[in-house]
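> let me see the structure of the following:
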Amino acid sequence: MSGAAPDGAVHPVAIGPDGIPEYRIEGAWTLPVRGPAVPPLDPGLVEAFATVTAATASAKLHQMGITKTFLQGPRTNKPGRRIVGRAVTLQLMPMREDIYTDAGVTQEYVERATALWAVLDFIEPGDVLVVQAHGSLRSGVVGEMLGTHLLNRGGLGLVADGGIRDSAKLDLLDLPIWSLGPTPHYASQGDLLPWGYHVPVAVGGALVLPGDLIVADDDGAVVVPVAKAAEVARSSAVHEAWEDFSRQKLALGGALRRYYPLDEVGRAEYEAWEAAGRPPLTS
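Residues are numbered from 1 along each chain as shown. This is a model prediction of the structure:
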């Protein structure tokens with residue numbers, strides 16, 4: 001690549017199975033950085049979260065002593081959509097000239113040697129791409145082309161504390177995205193560079209490890225540590241059940257202090273309702 005700087009030169013390193021060259025950036029640190037393979041999720045675990053909302057998952061984890069699970073900042077582009085999937089991570093890091101620098105016409109092309117292009121080829125059906133972008137709207141994490149590829153690979157969605165470009169065209173894809181909003185920039189057009197993938201990331205003040213569970217809906221995105229996920233699912237099922245009872249009671253004019261959360265009398269009524277098979281409430 002003739003436009004790459006001497007520090008940050010791009011080199012082909014292999015020919016992939018499709019015959020397309022793979023690249024790396026050589027400088028003070030070889031890029032992209034790649035972590036270990038992401039462990040698969042038990043499909044039964046994902047099914048157990050079929051009705052678990054982001055709010056309930058966050059609350060249950062808080063009760064378990066895990067308090068920073070909300071990926072603060074990213075908002076959905078598709079209200080009403082909800083996803084549950086395995087976290088595959090991408091880390092953007094600040095530019096530094098001895099690693100890579102090029103503000104010229106070739107910079108966008110050099111991005112294909114970065115972790116952004118690399119991680120997309122490891123997306124599997126059911127994955128959620130989670131991107132650390134440091135809250136920057138000067139880095140467009142994906143645009144129409146990369147979003148299309150993510151969707152074609154079976155990705156469920158994207159969560160990023162950064163911007164997205166081609167936002168109107170991305171809205172037309174069946175790909176829910178939680179981001180900080182639109183930007184005209186591509187990923188490395190600002191002061192960040194796609195650095196590593198399959199590595200821990202910090203997104204919106206929360207730590208996300210590759211292979212964690214992501215639950216995202218209109219309230220935002222929540223990370224569920226995979227080792228705690230089964231317990232969260234069990235606890236959430238009970239929580240969602242009594243909330244359904246409380247919701248019906250409040251709709252009928254029931255007392256807030258009795259039914260949310262349940263006091264002793266309310267809980268006894270709920271348990272009787274459970275035993276009766278959860279019939280619709282009329283009084």
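> please enumerate the strands of the stretch 51-200 of the chain.
Taking DSSP state E, counting those that start in this stretch as the test, the strands found in the stretch 51-200 of the chain are 75-76, 83-94, 127-140, 157-164, 177-179, 181-182, 192-197.
> Thr56 is nearest to which of the ones you listed?
Counting by CB to CB, Thr56 lies closest to strand 83-94 out of the strands of the stretch 51-200 of the chain; the figure is 12.0 Å. In short, each C-beta sits where N, CA and C put it, glycine included.
> would you mark the buried spots in that closest one?
Across strand 83-94, burial judged by 16 or more other CB atoms under 10 Å covers Ile83, Val84, Gly85, Arg86, Ala87, Val88, Thr89, Leu90, Gln91, Leu92, Met93.
> same thing with stretch 227-235?
Applying 16+ other CB under 10 Å to stretch 227-235 flags Lys228, Ala229, Val232, Ala233, Ser235 as buried.
> can you list the neighbours in contact with that stretch?
Outside stretch 227-235, the residues that touch it by CB atoms under 8 Å, 6 or more residues apart in numbering are Leu45, Ala48, Phe49, Val52, Ala57, Lys60, Leu61, Gln63, Met64, Ile66, Leu213, Val224.
> count of residues packed around the fourth one?
When neighbours are counted by other CB atoms under 10 Å, Val52 registers 25.
> pull the contacting residues for it.
Applying CB under 8 Å, 6+ apart, the residues near Val52 are Val84, Val215, Val232, Ala233, Ser236, Ala237, Glu240.
> from these, pick the one nearest Arg267.
Nearest member of these to Arg267, counting by CB to CB, is Glu240, at 15.4 Å.
> so who does the closest residue in space to that closest one that isn't next to it in sequence touch?
Spatially, and ignoring its direct neighbours in sequence, Glu240 is nearest to Thr51 (5.8 Å; CB to CB, 6 or more residues apart in numbering). By CB under 8 Å, 6+ apart, the contact set of Thr51 is Ser236, Ala237, Glu240.
> sitting in strands, which of the contacts of Val52 do you find?
Among the contacts of Val52, the residues falling in strands (DSSP state E) are Val84, Val215.
> would you turn the contacts of Val52 into CSV with pLDDT and distance to Lys249?
CSV is the format used below for the contacts of Val52 (pLDDT from 0 to 100; distance: CB to CB, whole Å):
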residue, pLDDT, distance to Lys249
Val84, 98, 28
Val215, 98, 26
Val232, 97, 25
Ala233, 96, 25
Ser236, 90, 20
Ala237, 86, 19
Glu240, 83, 15
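> possible to save the contacts of Val52 as CSV with distance to Asp171?
Shown next, in CSV, are these (distance: CB to CB, whole Å):
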residue, distance to Asp171
Val84, 22
Val215, 22
Val232, 31
Ala233, 31
Ser236, 30
Ala237, 33
Glu240, 30
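> which of the contacts of Val52 fall in helices?
Among the contacts of Val52, DSSP state H puts Val232, Ala233, Ser236, Ala237, Glu240 in helices.
> based on its surroundings, how many neighbours for Met64?
As a burial measure, Met64 scores 13 neighbours (other CB under 10 Å).
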